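> Provided below are the primary sequence and the corresponding predicted coordinates.
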Amino acid sequence: MRSILVLVLFVVTTSSMSWADDWPQWMGPHRDNVWREMGVLEKFPAGGPKIVWRTKVAGGYAGPAVVGGKVYVTDYVTDQDVKVDNFNRKEFTGTERVQCLDAATGKQLWHHDYPVKYTMSYPAGPRCTPIVDNGKLYTLGGEGNLICFDAKSGSIVWQKDLPKDYHTKTALWGYASHPLIDGEKLIVLAGGKGTHAVALNKATGEEIWRSLTSPEQGYSPPTIIEVAGKRQLLLARPNAFTAVEPETGKEIWSVPYEASSGSIIMSPVRSANYVYLGGYSNKSLMLKLADDGASVETLWRDKAQTGISPINVQPFVKDGVMYGFDQNGRLYAVELPSGKRLWDTTKPVSERPASNATAFIVRQGTTGDRYWLFNDSGDLIIAELTPQGYHEIDRAHIIDTSNTAFGRNVVWCMPAFANQRMYVRNDNECVCVELAAK
């Protein structure tokens, strides 16, 4: 009898572990845009998936993080009209807010508010997905307010004002580079002379190292790769693409890079020993890593009709092929390292090409060619992406557009996939969508 009970408990426990997962940061648990949970639906039910709950939120582009039955989301509360491009850097007055919601019901469990004057372009709200790590919550606001919370209670552990502390100013589109947890370090793009990137003790906020100088912070999230058994921290800035030692910030290699209007947004992607970086207006760069990782060779840069210019979302690489949206609103499949475009389509976002139209790309599992695409019209799409083409399986409208950009109504938010559900927000509400198979 005891052996049967043990077996039942083992099956129940391992079954739960096989599907239950968190989404603790930008691009998920492994920061790779892969949703590893099992038991999710193959197609949507008639009428679309069930909306489990809706909770009112204010403006923002920051996606939610989901950990331990809680949803963490940030927004900006103001009475002013912030649905403008604000290229003239007009000042807006409001309050940034960090909310903790119950993942099952959407009920607010705690919140923290602090006044912030926005001067950035597209001032609807924060950009960076919160990070949850070892009981702590880390948030980076649109104007550089970096805060570490106790994730359960919402009490502040430490905080920094990056522009003030590092004698710099907010970039045109705000602080939009998602910080990175690396062991005991929190790595963030601060900006300023000698402090383009800084590593902070994640427990105390004390600085561990500082590295590099750039005309502006840029928006490319830091990425760590391993070459020849050694780790490298890749930092893409408006004037250079550089690798440094994650433990010290010491430069390993660097190549010049000229980002158009400072717009380098994607995190670098790797395929075998090749690394690709693409910025606005075809400012692209393909590098080959030396076998020992100590240097790189530039294979090509800024080639017309080659690679892609990802503006709003991170491209995905699988088996030497990169899938991503260009600034012209087309989804491309691109062969790496040649940069040859294998095919393109506008179907995920529109019937015809639309400037900066896009969709977030998340792979379902680590095998197969099934993907989830959440487009800027608020539709969730199930599709297959292969070197041969795009095949749409199903789509459903999830949430309405709530802002405008480039003459179009849009919703820009990286979804979170956890608990066999999707969590996503616009400038009015955060919703939870049931995606479990029956």
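Looks like it came in fine.
> Which stretches in the chain count as helices?
2-19, 162-165 (DSSP state H).
> weakest of these by average pLDDT?
The minimum mean pLDDT among the helices of the chain belongs to helix 2-19 (a mean of 40).
> ok, the nearest residue in space to residue 236 that is not next to it in sequence to residue 88 distance?
Among residues not flanking residue 236 along the chain, residue 220 sits closest, at 3.8 Å (C-beta to C-beta, 6 or more residues apart in numbering). (Glycine included, C-beta is placed from N, CA and C.) Between residue 220 and residue 88 the computed distance is 25 Å (C-beta to C-beta, to the nearest Å).
> Between these two, which has more neighbouring residues?
Neighbours were counted for residue 220 and for residue 88 using other C-beta atoms under 10 Å; residue 220 has more, 25 against 8.
> That one is in contact with residue 269, isn't it?
No: between residue 220 and residue 269 there is no contact under C-beta atoms under 8 Å: 11.2 Å.
> show me the contacts for residue 278.
Counting by C-beta atoms under 8 Å, 6 or more residues apart in numbering, residue 278 touches 266, 284-285, 307-310, 315.
> Take the residues you listed and write them to a markdown table, including neighbour count.
What follows is the contacts of residue 278, written out as a markdown table (neighbours: other C-beta atoms under 10 Å):
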| residue | neighbour count |
| --- | --- |
| 266 | 23 |
| 284 | 21 |
| 285 | 25 |
| 307 | 31 |
| 308 | 26 |
| 309 | 21 |
| 310 | 26 |
| 315 | 22 |
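> which residue packs closest to residue 145, ignoring adjacent ones?
residue 161 (6.0 Å).
> check contacts around residue 290.
Residue 290 touches 296-297, counting by C-beta under 8 Å, 6+ apart.
> returning to that earlier point: which pair of the contacts of residue 278 spans the longest distance?
285 and 315 (13.8 Å; C-beta to C-beta).
> just to revisit the earlier point, using JSON lines, please lay out the contacts of residue 278 together with pLDDT and distance to residue 42.
Below are these laid out as JSON lines (pLDDT from 0 to 100; distance: C-beta to C-beta, whole Å):
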{"residue": "266", "pLDDT": "94", "distance to residue 42": "30"}
{"residue": "284", "pLDDT": "92", "distance to residue 42": "36"}
{"residue": "285", "pLDDT": "95", "distance to residue 42": "39"}
{"residue": "307", "pLDDT": "94", "distance to residue 42": "33"}
{"residue": "308", "pLDDT": "94", "distance to residue 42": "29"}
{"residue": "309", "pLDDT": "91", "distance to residue 42": "33"}
{"residue": "310", "pLDDT": "90", "distance to residue 42": "29"}
{"residue": "315", "pLDDT": "97", "distance to residue 42": "25"}
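> so of these, which ones are in strands?
Of these, the ones assigned to strands by DSSP state E are 284-285.
> Residue 189: which of the contacts of residue 278 is nearest?
Distances from residue 189 to the contacts of residue 278, taken by C-beta to C-beta, are shortest for residue 266, at 13.9 Å.
> which non-adjacent residue is nearest that closest one?
In space, residue 266 is closest to residue 310, 4.3 Å off (C-beta to C-beta, 6+ apart).
> Now do the contacts for the one you found.
By C-beta under 8 Å, 6+ apart, the contact list for residue 310 reads 265-266, 278, 324-327.
> one more time with 7 Å
Applying C-beta atoms under 7 Å, 6 or more residues apart in numbering to residue 310 gives the contacts 265-266, 278, 324-325.
> and what of residue 352?
residue 346.
> Look up how far residue 359 lies from it.
16 Å.
> just residue 325 next, same as before
6 Å.
> Return every residue with contacts to both of those two.
With C-beta under 7 Å, 6+ apart as the test, residue 325 and residue 359 both reach residue 313.
> Who has more neighbours out of those two?
residue 325 (30 against 24).
> where exactly do the strands run in the stretch 101-250 of the chain?
108-118, 131-133, 136-140, 145-150, 156-161, 180-182, 185-189, 197-201, 207-211, 223-227, 230-237, 240-244 (DSSP state E, counting those that start in this stretch).
> looking at those strands, which is closest to residue 388?
strand 223-227 (28.5 Å).
> Which secondary structure elements does the closest one sit against?
strand 230-237 (3 or more C-beta pairs under 7 Å, 6 or more residues apart in numbering; DSSP states H and E).
> how far does the strand it packs on sit from the chain's center?
A distance of 17 Å separates the centroid of the chain from that of strand 230-237, by C-alpha atoms, centre = their mean, to the nearest Å.
> Now do the same for residue 428: its pLDDT.
pLDDT, residue 428: 98.
> so what's it up against?
Residues in contact with residue 428 (C-beta under 7 Å, 6+ apart) are 56, 402.
> about what we covered before: state the distance from the residue nearest to residue 236 to residue 189.
On the measure of C-beta to C-beta, residue 220 and residue 189 end up 8 Å apart.
> Mind listing the shared neighbours of the two?
Common neighbours of residue 220 and residue 189 (C-beta under 7 Å, 6+ apart) are residue 177.
> Just name the shakiest helix or strand of the protein by mean pLDDT.
Taking mean pLDDT, DSSP states H and E as the measure, the chain has helix 2-19 as its least confident helix or strand, at a mean of 40.
> If residue 75 is in a bridge, with which residues?
Bridge pairing for residue 75 (DSSP bridges) gives the partners residue 97.
> Now do it: how many residues are near it, please.
27.
> how near is it to residue 113?
10 Å.
> Now do the shared contacts for those two.
Common neighbours of residue 75 and residue 113 (criterion: C-beta under 7 Å, 6+ apart): residue 97.
> Pull the number of nearby residues for residue 194.
Residue 194: 13 surrounding residues under other C-beta under 10 Å.
> Poorly predicted segments of the protein, please.
Counting by pLDDT under 70, the chain shows low-confidence ranges at 1-20, 261-262.
> now do 50
Within the chain, the stretches with pLDDT under 50 are 1-19.
> quick one on the thing from earlier: any idea how far the residue nearest to residue 236 lies from residue 203?
Between residue 220 and residue 203 the distance is 26 Å, computed by C-beta to C-beta.
> Check residue 104 too.
In this view, residue 104 and residue 203 are 30 Å apart by C-beta to C-beta.
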